[in-house]
Structures are given as structure tokens and as C-alpha cells.
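Enquirer: heads up, no residue letters with this:
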């Protein structure tokens, strides 16, 4: 161990100790659910805070080198840290800290329903495994931790296993995540075979020894494996089912962090392990990312389940992040390294932002579900008056995720646009057009995301309560509000003062790519590529706060009174206003549904029952409007049917006869001996 | 320093005080083209003063968002007025942001206005919000592709840099990509500012309203702020169209004569565009809501063609 590593090793031990103590404490106190949830989540909090410090230390240049040969075969259990790993440790910790605090209060309602010891164990294992995945320096360590992460999250998804929906979501998640894992496993083995080493740090230099087609195959396999975890279209189908099914703090971590580890893997294969790739690699990532962004937000827009909407929006945001990654890979394959750095910085910035605002929104959704007992937005409404603080936090998250100033999403999306706009420096017309289309996709995504979160906030929190439960809603407990407020403030801080983070990110990408981005920044603003692009997030925020105040004061001075009269909403002279007159979420999304009808392929059913005596009177109207997923029907349907048919055929060998099975074993043994001989 | 403050103050005054005049001009020209006498061009000032003095009636269903939104909306427009190069290419506050920042400021205003539309709980407001966000979202790709085309030609996304490089480019109007980008941006400007054929600013007929439905619940000083902001948005878009695509007359040095010329040039250009809009609004009918995607996708196609034409002359 190098002398400078004492700090990082101690922080790592503290982090793992925190997670370990949390898991053990939760198990030991299994008989006392209240103690179990406090101890379990306190451990997670300590671990997350230590991980946060570890990430910061790593970004500041700290290294780590831990090898325990006894723990795993073939190279041992090996950990290390470069800036990219440190950044992702920081991403994990940023989402884990508020989620752990939130979980203490949120899991209260699970007492007596689910095993809190199990939840504590699962959460701590999940967090520890994620940290160890990004620190892994050896293929086997990586794969083992990856699988531990998937299994821990699977058990967390299954918390409410008594629901049939949850059961199905968990099953789908288990199958897809293992299909992805299989791809990773084959990819890693091919890579280890080609390079002759299991040490991840040596792959970059050794990858030149791997021949072209094998490199392509490895890229495809690893991209499929990591893409499944990241939830890119069309590998996303598990995500919108599994994330909403989990308890809200787990959804926050799965959406906020776990899917980012897919991004981490893609960055590793795109920029590190395989060296500089062919340009079609970057192009493919860019196209898939742009599709994920647009389709993700389009599906989010028509979702009525608040958590489902947030889950689809994660598909969108992963798309945005990967647009940066894909653009960076393309730039790099044309030797425009400074631009590659700029694009990757934008992607990483958005990854961190999303790890803050998505947990914030999931926590807000959890508070609302806690208060109203429903996930359906059409049964919420009016919550801004009943839960003002939760509403303010959710609004901050909505503005941030819609990429509007002065919050953090704006800064990363601005950087993303700048890097894409600079693509005219690539001298190939086809690639220029590809970039033009991805700019259009990103712009469309931005506009649709704004609409989507107008809907999410407006339908859930504004106007009159749409159900008795919403009318009875109460503000969330303080332990749930505090982490939301913390996350909202972090969104604002990263939106007005990107200075510190940009410096660290530039160092991170410079380590990876070799050339830093051509970017100057200070408190006053960011200047990219020599006055190509300028923005001053801090002063825009100052103006957005001071100008409304200035307008207000000016109006007072020129003689407008401050008074106003309160009266009911105008409704063409009808007698009373009820929530039945309000615009619904389904109606809000309808223009989008019509414009993008070929994609949604909606099934509409209208069933009107008239009064038996006159058709002038309607007794009941039933309206059903459902969208059909292209991917489930056209892509996965045939695969599932094929597997089922294969399984039917395979049943022939399963006779149930013990003697026959003994024959199988004997035959296998003979075959093996023959092969070995 | 004093000249810089002076320039920004002039920009604020031009946008803030000129907006009602522009609205009045468009209405007046439209009235004359339709064979009516119409109100005087100064009528919007009187309207705004009347609204300012009136006591607003606020729905009891609304929250703080409803009262906050008009102030924020006016503020985003004033902030935009500080960014856009109106008279000179030396806009002092250019470090605040480039053209993308400007577009996101507009989107911020739309976002809050759409929320305010839902806040009162009336069906009109929700309908307006839904339609307004749909139009804004569908216009966004065209905006960015038009910006991409400009970045291609001028090598910058900074507003003043685009104008400066455009002004030094004598063959500007002979470039087909330039004109295509102008057309695309013009259609987007019509959509973003709620003009015909996208939205009719003069209608209060339920089924056709977009912007007006969204702000239906506003009255008094709140409505005044919203109408003022709508006027400012139109003015800023017209100023962008004039200066980004026809940067004639804009002052490259900050001297009184140059600024006077720039002022006259700006008035002439914006006036011409305003008359153009009035003529257009007289001659075309409003498109059905679900025909709008066709219009917006054709503007997108124009912007993409602009990019492609720059690719070929690169």
C-alpha cells in the first residue's frame, strides 16, 4: 500500500463497515421492526457518507489499491480507483445519502407487512455491491459484484411480493438482468482470452492484440449487457415495471444510480478497455441513445402512474446521458479529442444531475403515495395546499429534470447541445447529418420533458383534489421532507455554481481521453471552444430572482394596488366547481397521443349506455384508451413464444423417471471422460 | 461602463416600451387590410393601463404559483431583452448566455404559464396548457436545427457573434441555406408567439384557443403582465429574425451616430416584419390543431435542408 492511500483505504473500510453494520444490525434486530429500520438505514447512511468522501478524495487524485487473493480465485478480489470510478462512487453516494434518511421514515408503513430486516440487509448489500462494482479492478471481482447488485435489487423489488404486479415485474427483471449478465460474461471471457489477462487496468494496452471481428463482437456483447442494465430502448422493458414496483427509496436508487452503472460500463468499453473503437460503435450508441431519449419521454408522457412516469423518464435521461457518451466516442474516432472530452463531460454531468433529481422526484412521489394511498395521478390533485413543502421540492425536481434554468439539468443539457453543435468540425457529411438528427432528437426530448413534467406536477399537485383520499392528504413527516429539501438544494447548487464540478469532470475525462475539453469557466460562467458558446448560470439565476421582484416593485410605484379579490373559477356560468370539471392527465396527454399515434397505436373503446326512455339522457359512459407497446408485441412477443415452444419440446426428456435421470448422468460422465481423454 | 449601462437600458426600453406599440401596429395594419378602421396604434398602452388599475379576481382554487407566474414571465422576457443584440454587436451582457439560453428562457416561461393554466382547475386552462406545451415541444427541434445551421455558417452560437459574422458576410442573402433557415425560424416564431395560422391571438372561441385559453383565468394586473410579456416575446422574436438574418445597419462601434442608424434600421426591419405578419394573418385561416404537426414538420424539413445546403458548400 502506498503511503498516500491510507486515507482512501480507511474511507473504503468505513463505507463497507457502515453497510456491513447496517445489514448485520437490521438482521439482529429482526424481532423489533422499529429498531431494525433505524439501525439498518443508519448503517446505510454512514456507509454512503464515507463513500461520498471516498469519491471526493478520488476525484481530487487519491488512488486505491487493495488485493485480497484469498477471497476470489483467478486474480483475487481486487479493488482500485481512478477518477472515473471515483466519480461514479460519488454518484452512488449522492443518491444514497438522502434515500437512506428518507427510508427511515418511509419504511415505517412496512412494519408488520414486510420484513424490515430483509429490507435493511437488501439495501446495504445493494449499496455495497454498487460501490464495489465501480471499484473492481479484476474481471471476476466485477462480475461477482455485478451479480450481487442485481440480486440485491431483485429482492428489494420483491418487497411487496404479495402483489401480483410486483411478482410479474420481479420475474421480468430477473430474466432480463440475467440475459444481460450472460452477454457480459461471454464478453468478459472473450476479452480475457484475447488479452490474456483478467486485470481490467491492463485491457486497454492489451486490446490491440485482439483482432478486429473479435473486438466488434466483444463490443456488441458488452454493450448489450450494459445496455440492458442502463435500460436503453429496446432493452428497457423491465425498467418501467420493476422501478415502480419497488418501495420508493429503492426506486430512487435503482433509477438514480443502478442504471448509471450500465453507463459506467459503456464508458469503460467505449473509452478505456477497448481503446479507440470504430466509428460505427459511437454512431450506434448515439442512435440508440437518441431513440431512448425520445421514446422514453413519449411513453412517460402518457403514463398515469406517477412512479411509472418517473421510471420511463429514466429511460429518457439515460438516453440523454448516452447521447453524450456516443457523441464522445464518435468525436474520438475522428481524433477530435477535445470535443470528445466536452461531450463526455456533458454526459457525466447529466449522470450526476439525474442521480440527484430523480431520487428527489421518487421521494416526492413516495410522499404523495404515502399520503393519498394511490399511484394514479388522476386521483391526486390539490396537494400543493395540503403538502406545500413536498410540492415545492417536487416542483424544483420537475424544473431541474425539464432542463430549465436555473437548475442543474439546464447546465448539463446546455453543455450537451454545445458539444453536438460543434460536430460540424467532423469532415464527413453523413456523420454531420447523424449529429443534426440527434440534435433534433435532444431538442424534441427537452420540449416533451417540459410537457411531461407540467403534467406530472400540474395534475398531481394543482387544482382541486380529484379523490377523497387526496382531500384528506397530509404533509409528509419531517424525516421524509428533509432529504427532499437537501436534494432540491443540491439541484439548485449544481445549477448556479457548476464551477467546482466542471474542474473535476475535466480532469476525469482528461485522464480517460488524454485531452481536456477546450473550456474556460469560473463563477461568472462557462465559455466553451473560444466564444463558440457562453453561459452564466449564476447571473441568470440572480436575474431570475431579482427581475420578478423588480417588476413587482415598479408596479407598486406606478400605482397598482396590491389587493385582489378571491372568487371561484369562471366556468361559463355553471353553479359549482368540482374536480370533475378539471382537465385530466389523460386529456392533457391527448394531443401528443394523436400526433404520435403510429407509435402509441392506441386502442380506444367508447361505451355509452343511454337511458331506456330517451337517447337524450346518458346513464353511463365508459371510455378506455390504452396504448400498446411496440416492443412487447413485435420484438419480445415472438421471442417469448419461441422460448415457450422450445421448452415444450424439451419436456420430452423430463420423464420424471429416476432411472432415466441416472442414465443421463452416466452418459454425461462418459461423454466428459471421452472429451477429456 | 456608463455606455454599457446605457446600451442595456436602451435595450430594456425598446423591448419593454416598444412591445405595446408593436402589438398596436400589427392590429392596426390588420384592421386596414381587412377594410376596418381599427383602433389607433397606441391603444395597447391604454389597455395595459386599464388592466393595471383594475382589481384582479383570483380563483380560490389557485395556489401561489398562479400569482407568481406573471412576474416570472415578465422577468424572463426582460432578461431576454438584455441578451439579444438589438442595436449593437457589443451587447454588454452577452456573457449571460447564447441563443440556446434564450430558447430555454422562453421554455421556462411556457412551463410556468402552463402550470398556472392547470392551477385554477378549469377545463379551459388545462386545454390551453396541454396545447401550448404540445406546440412548444414540437417547435423545439426546428429551433435547434436552425441554430445548428447558423452555427455551421458562422462558427458560433453566441448571439452577437452570429450577427457580427453575418454582417461581414456580403454574400449572405445569396446563400440558399440562409433563406431556408430564415423561413424555418419564421414559422417557429409564429408558433412560439401564438400567431396565425398556429393560434389566433384575437379569438375567445373555446375550441380554437390555445394561449388565450391557458390565461383565461387571469385578470387585472396579472393579465396586464401576461399581455405585456406576450408583446415582448413577439418583439424579441422579430428582432432576432431581423438581426440574425438581416444584420444590416447594426452598430459595430458604440457611437451616437451608429446607434441612431441602428435604431432606425431596427424600426424599419421590425416594422416590415410586423406588416408581413399582419398580411399573413389576414390571408390565411387558422389551422386545425391536429394539422399543426404538418406545419411544424415542414418547418423542420426547411431547417434540415438549410443544414444540408451548408454541408454541400462547406
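Expert: Structure's in. What do you need? Keep in mind the model is a prediction, meaning the values are calculated, not measured. Numbering: from 1, shown residues only, chains lettered A, B, ... in the order given.
Enquirer: all strands of the stretch 51-200 of chain B, in order?
Expert: B:57-59 (DSSP state E, counting those that start in this stretch).
Enquirer: show me the contacts for the residue of it found nearest chain A.
Expert: Proximity to chain A, evaluated over the stretch 51-200 of chain B using CB to the nearest CB, is greatest for residue B:126 at 2.2 Å. Bear in mind the C-beta positions are built from the backbone N, C-alpha and C, glycine included. By CB atoms under 8 Å, 6 or more residues apart in numbering or on different chains, residue B:126 lies in contact with A:458, A:582-584, A:587-588, B:117-118.
Enquirer: hmm, which two among the residues you listed are most spread apart?
Expert: A:584 and B:117 (14.1 Å; CB to CB).
Enquirer: neighbour count winner among these two?
Expert: residue B:117 (32 against 19; other CB atoms under 10 Å in any protein chain shown).
Enquirer: what about the stretch 51-200 of chain B, any weak spots by pLDDT?
Expert: B:173 (pLDDT under 70).
Enquirer: quick one: the helices in it?
Expert: Along the stretch 51-200 of chain B, counting by DSSP state H, counting those that start in this stretch, helices occupy B:64-83, B:99-119, B:123-154, B:159-167, B:176-192.
Enquirer: closest to residue B:230 out of the ones you listed?
Expert: helix B:64-83 (8.8 Å).
Enquirer: what angle sits between the closest one and helix B:99-119?
Expert: Between helix B:64-83 and helix B:99-119, the angle comes out at 160 degrees (axes from the mean of the first three to the mean of the last three CA atoms, to 10 degrees).
Enquirer: which elements pack onto helix B:64-83?
Expert: helix A:537-557, helix B:2-33, strand B:57-59, helix B:99-119, helix B:220-245 (3 or more CB pairs under 8 Å, 6 or more residues apart in numbering or on different chains; DSSP states H and E).
Enquirer: which of the ones you listed is buried the deepest?
Expert: The highest average neighbour count among the helices and strands packed on helix B:64-83, using mean count of other CB atoms under 10 Å in any protein chain shown, belongs to helix B:99-119 at a mean of 25.
Enquirer: now do the contacts for whichever residue of the stretch 251-400 of chain A sits closest to chain B.
Expert: Across the stretch 251-400 of chain A, the shortest distance to chain B (CB to the nearest CB) belongs to residue A:384, at 4.5 Å. The contact partners of residue A:384, by CB under 8 Å, 6+ apart, come to A:391, A:461-462, B:63-65.
Enquirer: give me the residue at the spatial middle of chain A.
Expert: Of all residues in chain A, the one closest to the mean position by CA atoms, centre = their mean is residue A:255, 3.3 Å from it.
Enquirer: hmm, it is touching residue A:358, no?
Expert: Yes - using CB atoms under 8 Å, residue A:255 is in contact with residue A:358, at 4.9 Å.
Enquirer: which SS class is residue A:381?
Expert: With DSSP: H, G, I helix; E, B strand; the rest coil as the basis, residue A:381 sits in coil.
Enquirer: which residues touch the nearest residue in space to it that is not next to it in sequence?
Expert: The shortest distance from residue A:381 to any non-neighbouring residue, by CB to CB, 6 or more residues apart in numbering or on different chains, is to residue A:466 (3.9 Å). Contacts for residue A:466 (CB under 8 Å, 6+ apart) come out as A:378-382, A:579, A:582.
Enquirer: neighbours around residue 183, how many?
Expert: Defaulting to chain A. A count of nearby residues for residue A:183, using other CB under 10 Å, gives 19.
Enquirer: can you look at chain B instead?
Expert: Neighbour number of residue B:183 under other CB under 10 Å is 18.
Enquirer: again, but for residue A:302
Expert: 24.
Enquirer: which ones are touching it?
Expert: With CB under 8 Å, 6+ apart, residue A:302 has these contacts: A:586, A:589, A:592-593, A:600, A:627.
Enquirer: now, which of these lie close to chain B?
Expert: Contacts with chain B within those, counted by CB under 8 Å from any CB of the partner chain: A:589, A:592.
Enquirer: among the contacts of residue A:302, which pair sits farthest apart?
Expert: A:586 and A:600 (12.3 Å).
Enquirer: could you grab the helix/strand/coil label for residue A:241?
Expert: Strictly by three-state DSSP, residue A:241 counts as helix.
Enquirer: that one contacts residue A:171, correct?
Expert: No - Residue A:241 is beyond contact range of residue A:171, at 9.6 Å (criterion: CB under 8 Å).
Enquirer: picking up where we left off before, which members of the contacts of residue A:302 are positioned in helices?
Expert: Using DSSP state H, the members of the contacts of residue A:302 that fall within helices are A:586, A:589, A:592-593, A:600.
Enquirer: so residue A:191 touches residue A:203, yeah?
Expert: Yes - Residue A:191 is within contact range of residue A:203, at 6.4 Å (criterion: CB under 8 Å).
Enquirer: the two: which is more packed in?
Expert: residue A:191 (27 against 24).
Enquirer: quick check: mean pLDDT of the strand or helix carrying that one?
Expert: Following DSSP states H and E, one finds residue A:191 within helix A:164-195. Across helix A:164-195, pLDDT averages out at 92.
Enquirer: what packs against that helix?
Expert: Helix A:164-195 packs on helix A:139-157, helix A:203-206, helix A:212-230, helix A:239-245, going by 3+ CB pairs under 8 Å, 6+ apart.
Enquirer: what's the very next helix or strand once past the last one in contact with?
Expert: Toward the C-terminal end, the helix or strand that comes next after helix A:239-245 (DSSP H and E) is helix A:248-253. Under the criterion CB under 8 Å, 6+ apart, residues A:95-96, A:98-100, A:102-103, A:106-107, A:123, A:126-127, A:153, A:156-157, A:159, A:243-244, A:307, A:310-311, A:358-359, A:362-363, A:365-366, A:369 lie in contact with helix A:248-253.
Enquirer: ok, for the residue in the stretch 501-650 of chain A positioned nearest to chain B, nearest residue in space, not its chain neighbours?
Expert: Nearest residue of the stretch 501-650 of chain A to chain B: residue A:583, at 2.2 Å (CB to the nearest CB). With sequence-adjacent residues excluded and distances taken as CB to CB, 6+ apart, residue A:583 is closest to residue B:126, at 2.2 Å.
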